[in-house]
Every structure is written in C-alpha cells, then in structure tokens.
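A.B. asks: fold the following for me, if possible:
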Amino acid sequence: MSNFVDYVKIHCKSGHGGAGSAHLRREKYIPKGGPDGGDGGRGGHVIMKGNSQEWTLLPLRYTRHVKAERGQNGAKNQLTGAYGEDTYIEVPVGTIAKNEDGEIVGEILEHGQEIILMEGGKGGKGNEHFKSSTHQTPRYAQPGMDGQEGYIVFELKILADVGLVGFPNAGKSTLLASVSAARPKIANYAFTTLTPNLGIVDYRNYKSFVMADIPGIIEGAAEGKGLGHRFLRHIERNSILLFLIPADSEDHFQEFKILENELKEYNPELLDKDFVISVSKADLLDDELKKEISAEFPEHRKPLFFSGVTGEGLMELKDAIWKQLHG
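C.D. replies: Residues are numbered from 1 along each chain as shown. Below you'll find the predicted structure:
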C-alpha cells in the first residue's frame, strides 16, 4: 500500500450550542430576584490546521467521521456555559478543502494556518435577555443552535520549486535520486512512480531548492488517461517545470510538444510558468547525436543534456533551474 495519499473524504459535524438558562434568582431576603439565567456556550468548531511535518493525507485515510464537542448550558448567576472543545484536522501544507458541492472552503498555504470548516452552533440566550418593563420575570430561555454538518473533501497538491514533467520511464526518478537524498523507486518499465516524491537539492553556497518527481504523463492525460488528473493536479503548485525527454526518444521535439499540449488542455495557465527543457540519459549520446537532437528544437528552446547515472551535465542543469527560480 502506498504511503502517499492525496485525496480523502470525511464527514464533519460541529458542536451543538448550549441552551440558555431560565433560572430565576431565589435568595434569602431577595423575594423578587428576577431572571438570572446565563447564555449557553458555543459549540466546538471543526478546524483544518496546516502541519509542515506532514506530507501526505495518509493519517486521515481511515477517518470517516469527525465531531466537535457540544457547548455547555448556561447556569444561574448569569454564568455563560463553557464553549465546546474545537476539533482539529491536521493536514499537509498545500491541502485544499471542498464542500459537497465542490466549492473550495479553504486552502492551507503555511504551517500553523487554521481554517474553520464547520462552525459550532451558537449558544442560546438566557432569560436575562428577555426581561422588559412589562415582562419582568421571563421563565423561558433560548435553546442552542445546531452545529453544521456535511462531507468535506481534502485534496493535496504538493508544493515544490521545480516539478519534473515527462513520459513514463523518462528518467525523472533517476534524476531526483542523483541530486538529492530521496530514494524513489527506479526500474526499467513504465509507471514505476505511482505517487509523487520530494527531494531537497543542494546547490552552491549551501543553498537548496525542492524538486518533485511526479508520476509520468501520457498523451490523453488531460482527459483522464493513465494517472490523468491525479498527476496534473500536482503540477499546478510547482514554481517552475523541468521537461525531461529521454535520449532514446524517436522524436524529441514532438515529445515535448505532446507534454506541453497536455498541460494546456488541463489548465492553460500552466504554460505561463517558467520552464527548462532537458534531455535525459545523455550517457547514451555522443557529441554528434547531441547536435542533431538540439537542432530539432527552436533557437529559444534549446535543451540541456544530462545523465543521472554518470552525473554529466547535472551542475549545468542546477544552474539553469536556479536562474529560472531566482532570475
């Protein structure tokens, strides 16, 4: 079973508000004390909270229901009931919450950020609020209001500086493993990577950036083929994109155009991102073949050549990525 989960659906219910008190003051030497009831406490909220230590929704996979505490009733001496305890759902940074209609309720973009998903019911008013000159002893109070209830869908879109875009078996996992401490699964067959992997890439002068190895795209992904939208969803949050075309591709520029078109079909705004084009597995090529491949691309879109196996061209690739990120 994969440890990476990017979609869960949970039934959430906030706390019922506490009832107001209809208590009448009864003390020695005070024959007509009048209304003395306090307000009910607010029901607990259901709150989504960002946690930078989490990177997957796996802890929530088997959570079916979440319920906040009921507010306490009001009491005599005009004492307000205690608020119901809030219930927190901790999620990774980059998580979006949607209601049953698909509308976005909130989005977690930083550690510690809190968003109320379901508001607790308001506490009822005590009889003190209902006295008047003509009705000085109200013997009733307001009941607490119901909390909110419904299903919330949580979707995780990973946050990274650079996302790797390429067909299955293009060498994305090999690149990530060669420039970071990440250890994604690497094998000589398509769709080796079924879930995103993140790695921190060391750069010059103790600088670094985050690279995301995302499951391979295929032609028709925008219509849901292959891993479809599950893959494309993660592309949206990357600052820049790194296109990987394998050296043994039959038509390098055409492969790039297919990848570019899939992004356009899914979300045209993705093409507004800065990107770098690269040819992986360069250890299979000699200088003459590199010139031939480079000639396939327009002058303003010349690819960089690298090999994750031999390390050839990796520093130049890092320089190009850093320039796009901070240029």
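A.B. asks: who does the strand or helix carrying Val66 touch, helix- and strand-wise?
C.D. replies: Secondary structure assignment for Val66, by DSSP states H and E: strand 65-67. The elements that strand 65-67 packs onto, with contact taken as 3 or more Cβ pairs under 8 Å, 6 or more residues apart in numbering; DSSP states H and E, are strand 7-13, strand 87-91. Just so you know, the C-beta spots here come from the backbone N, C-alpha and C atoms, and that holds for glycine as well.
A.B. asks: nearest to Phe130, out of those?
C.D. replies: strand 7-13 (29.6 Å; Cβ to Cβ).
A.B. asks: circling back: and the helices and strands packed on strand 65-67, which is most packed in?
C.D. replies: strand 87-91 (a mean of 20; mean count of other Cβ atoms under 10 Å).
A.B. asks: so what touches that one?
C.D. replies: Here strand 87-91 makes contact (Cβ atoms under 8 Å, 6 or more residues apart in numbering) with 10, 12, 44-51, 54, 57, 59-60, 66-69, 97, 108, 114, 117, 154, 156.
A.B. asks: derive a PyMOL selection command for the buried subset of those.
C.D. replies: To isolate the buried members of the contacts of strand 87-91 in PyMOL, using 16 or more other Cβ atoms under 10 Å:
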select buried, resi 10+12+44+45+46+47+48+49+50+51+54+57+60+66+67+68+69+97+108+117+154+156
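A.B. asks: re the thing from before, now render the helices and strands packed on strand 65-67 as a markdown table, adding distance to Ala160 and mean pLDDT.
C.D. replies: Shown next, in a markdown table, are the helices and strands packed on strand 65-67 (distance: least, Cβ to Cβ, whole Å; pLDDT from 0 to 100):
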| stretch | distance to Ala160 | mean pLDDT |
| --- | --- | --- |
| strand 7-13 | 18 | 94 |
| strand 87-91 | 17 | 96 |
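A.B. asks: nearest to Tyr206, out of those strands?
C.D. replies: Per Cβ to Cβ, nearest to Tyr206 of these: strand 87-91, 30.6 Å.
A.B. asks: mind listing the strands that closest one pairs with, and their directions?
C.D. replies: strand 46-50 (parallel) (DSSP bridges).
A.B. asks: what lies in contact with the strand it pairs with?
C.D. replies: Strand 46-50 is contacted from outside by 12-14, 66-68, 86-93, 95, 97, 106, 108-118, 148, 154, using Cβ under 8 Å, 6+ apart.
A.B. asks: now the host helix or strand of Lys323: buried residues?
C.D. replies: According to DSSP H and E, Lys323 maps onto helix 314-326. Within helix 314-326, the residues that count as buried by 16+ other Cβ under 10 Å are Leu314, Leu317, Lys318, Ala320, Ile321, Trp322, Gln324.
A.B. asks: contacts only, for the third one.
C.D. replies: Looking back up the chat, that one is Lys318. Here Lys318 is in contact with Val179, Val201, Tyr203 (Cβ under 8 Å, 6+ apart).
A.B. asks: quick one: it from Ile108, how far?
C.D. replies: Lys318 is 29 Å from Ile108, where distance means Cβ to Cβ, to the nearest Å.
A.B. asks: now do the buried residues in stretch 105-125.
C.D. replies: Neighbour counts over stretch 105-125 (16+ other Cβ under 10 Å) mark 105-108, 115, 117-125 as buried.
A.B. asks: between those, which sits nearest Lys291?
C.D. replies: Nearest to Lys291 among those: Glu107, at 46.3 Å, using Cβ to Cβ.
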